[in-house]
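Enquirer: Here is a sequence together with a model predicted from it:
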Amino acid sequence: MPDQYRVLQDVFGYDSFRGDQEQIVSHVVAGGDAVVLMPTGGGKSLCYQVPALVRDGCAVVVSPLIALMADQVGALRQLGVRAAFLNSTQFPEDRAEVERAYLAGELDLIYIAPERLSQRGTREFLSRGELSLIAIDEAHCVSQWGHDFRPDYLALGELAELWPDVPRIALTATATKRTHAELTSRLHLENARHFVSSFDRPNITYRIEPKAKVKDQLLEFIRTEGVVDGEQATGIVYALSRKSVEELAAFLRANGINAVAYHAGLDRRVREDTLHRFLREDGIVVVATIAFGMGIDKPDVRFVAHADLPKSIEGYYQETGRAGRDGLPSVAWMAYGLADVMNQRRFIDQSDGDAAHRRVQSQLLDAMLALCETPGCRRQQLLQYFDQHIEPCGNCDTCLNPPATWDGTVPAQKLLSTIVRLDREFNHSAYGAGHLIDILRGSDNARIRQLGHGSLTTYGIGTELDAGGWRSVVRQLVALGIIVPHGEYGVLRATEKAGPVLRGESTVMLREDAKAPARARKAARGVSAAPDLSEQDRGLFEVLRRWRTAVAKEAELPAYTVLSNKTLEELAHVKPTNRDELLAINGIGQNKLDKYGDQVLEILADFESA
Ligand code: ADP
Ligand code: ZN
């Protein structure tokens, strides 16, 4: 048997490679360079961990995630792999020991942060040992226009000339053509083979609903859908500002949810503690800015919620991708409203970048808005963005409850002509959505009287919609680029796209907003951690899970690095009675057999005889 298959079975305990893994591993084992685009949960780590164990020498894994290195290395050591890391959090004597082990040829993998690898001293030191390969994880961090740019990644291109004979493999879950091309050239991977997987994450349900009272909506969502076997599930909530992160976390806590805030403004120790808790506790909800989450390979995150509109589809897809790495049903939920669009447009308008930069930002936002407003399948639209094509999925809100569309041309004309008339008849003045809606609905308030806007011919011609209905129209017209918010107060102006609408030359199809989350509630059922087990086997699964929690606590490791839920599920179903049968279970290799085999067999035997 060729070495890579033996490593897969003996060390990792898996019987077969998944998807592109087999080809990638063979290519890198043979010394080739590779660029790997695979969605989160696709199994990127094996693509370099297996070759690292097959090839002579030690592999360098470049990872930006210093806070996670200890856990990544801990998980490998659980498998009996000789792994270590070098970073600034170590004591000098620990670092010296790792360096000694490397030079003595006693390591198979060494994790290093990019800033360390760009230092000359590190490079000289590494050159004194034998390198088997270089893996560049989260390779999209080299992309300057991307959402996770790390300047230290730019220097990684030099590794091509420094060690021309060492194969390099770059991996990322970000899949746009632009990022792909950019990382290939910046990392000097011109001669690499490219492996692009399907980016679909079929176990994630996508839902985007209109934002009303976002806190209540979020709470409702978490209570109904963020539940596994009747208990609070683990999840991540994203919000854009530190302030809203803290407010949302406090609100959830006040409502009995185990929620913690995480953002870059918090003390480093507080952040590390949160990360630590997130990886170890069950049923914890982290409310975070986008600074949280990259590289976190906690497999059982059951939901990712966005309380604010993300800036791009790349960001949204990365963040939602953190749900359901274990392949079990998970939900990506978002609330989105007029204020989100206004804020982001204004944000881009006032950003310091040059015109070209602003144009890029604005295109990213347009694609994100199109996803929010599409009456078609969300997943289709998402994958389309990555140039991949699928049929409507049947597992997103628009597939499950196709939204009605309606001809909004007349309301759009009414709104546009109000904007145009205000500009023309009132000395180039422009107003925000609230005031325009007041005019259209014929509100008799002090501001309208004072400004004399009751004299406009469009005053009171829009009583067919209530204020909420009008906000939906405004939001969609902004999303369609027919009107744009302008300046600090977000006053609305018509764009060149308004002309054809006003002249009746183009129609405006709008989406009927879902009335209330009530509809979602019906579909919600919460999920189960082990959906395929019988009632009886589930009892055994729970016993195994409690045992695992105790073992993990004792070893100070995240529970899933002891044995994954999938492995526990298979154990509860198959009920092996001896060591050979145990080895046939997915996720149990030689090392885990030696470590836990006897204990597991004992638990299984006890359960059977009880
Ligand atoms: P990624 O880094 O692409 O997000 P991981 O490498 O963390 O994904 O893998 C996701 C999950 O799939 C992990 O729990 C991993 O153990 C599991 N996995 C990966 N490859 C295989 C395989 N060939 N057989 C069974 N499980 C696998
Ligand atoms: Zn769909």
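Expert: Good, I have the coordinates. Ligands and ions are numbered 1, 2, ... in the order given.

Enquirer: for this protein, what helix or strand is lowest in average pLDDT?
Expert: The least trusted helix or strand in the chain, going by mean pLDDT, DSSP states H and E, turns out to be helix 518-523, with a mean of 41.

Enquirer: need the next SSE after that one, C-terminal direction.
Expert: Once the chain leaves helix 518-523, the next helix or strand it forms, by DSSP states H and E, is helix 535-555.

Enquirer: what's next to that following helix, contact-wise?
Expert: 280, 529-530, 533, 558-559, 561-563, 565, 568-569, 571-573, 575, 596, 599-600, 603-604, 607 (C-beta atoms under 8 Å, 6 or more residues apart in numbering). C-beta coordinates here come from the backbone N, C-alpha and C atoms, glycine included.

Enquirer: 6 Å instead?
Expert: 530, 533, 559, 562, 563, 568, 572, 573, 603, 607 (C-beta atoms under 6 Å, 6 or more residues apart in numbering).

Enquirer: what does this protein have sitting close to ligand 2?
Expert: 377, 379, 393, 396, 399 (C-beta under 5 Å from the ion).

Enquirer: before we move on, what SS does the closest residue to the first one other than its chain neighbours have?
Expert: Put plainly, it is residue 377. Once flanking residues are discounted, residue 377 sits nearest to residue 392: 3.9 Å by C-beta to C-beta, 6 or more residues apart in numbering. Following DSSP: H, G, I helix; E, B strand; the rest coil, the label given to residue 392 is coil.

Enquirer: ok, residue 392 - contacts?
Expert: Applying C-beta under 6 Å, 6+ apart, the residues near residue 392 are 377, 380, 399.

Enquirer: again with residue 184
Expert: Contact analysis of residue 184 by C-beta under 6 Å, 6+ apart lists residue 35.

Enquirer: Mind listing what's buried along the helix or strand harbouring it?
Expert: Using DSSP H and E, residue 184 sits in helix 177-186. For helix 177-186, the buried set under the neighbour-count rule, 16 or more other C-beta atoms under 10 Å, comprises 179, 180, 182, 183, 184, 186.

Enquirer: Stretch 385-402 too?
Expert: Quick answer for stretch 385-402 (16+ other C-beta under 10 Å): 385, 386, 393, 395, 396, 397, 398, 399.

Enquirer: Let's see which of those residues end up in helices.
Expert: Residues of the buried residues of stretch 385-402 located in helices (DSSP state H): 385, 397, 398, 399.

Enquirer: Ligand 2: which of those is nearest?
Expert: For these, the closest approach to ligand 2 (C-beta to the ion) belongs to residue 399, at 3.3 Å.

Enquirer: Does the closest one touch residue 375 like I think?
Expert: No: using C-beta atoms under 6 Å, residue 399 makes no contact with residue 375, being 10.8 Å away.

Enquirer: Can you name the residues of this structure sitting close to ligand 1?
Expert: Counting by C-beta under 6 Å from any ligand atom, the chain comes close to ligand 1 at 14, 17-18, 21, 38, 40-46, 297, 299, 325, 564, 586.

Enquirer: Can you say which of those are buried?
Expert: Neighbour counting by 16+ other C-beta under 10 Å classes 14, 17, 21, 38, 40-46, 297, 299, 325, 564, 586 among the residues of the chain next to ligand 1 as buried.

Enquirer: which stretches of the stretch 301-450 of the chain have low pLDDT?
Expert: Scanning the stretch 301-450 of the chain for pLDDT under 70 picks out nothing.

Enquirer: now the stretch 1-150 of the chain
Expert: Ranges of the stretch 1-150 of the chain meeting pLDDT under 70: 1-2.

Enquirer: That concludes my questions; thank you for your assistance.
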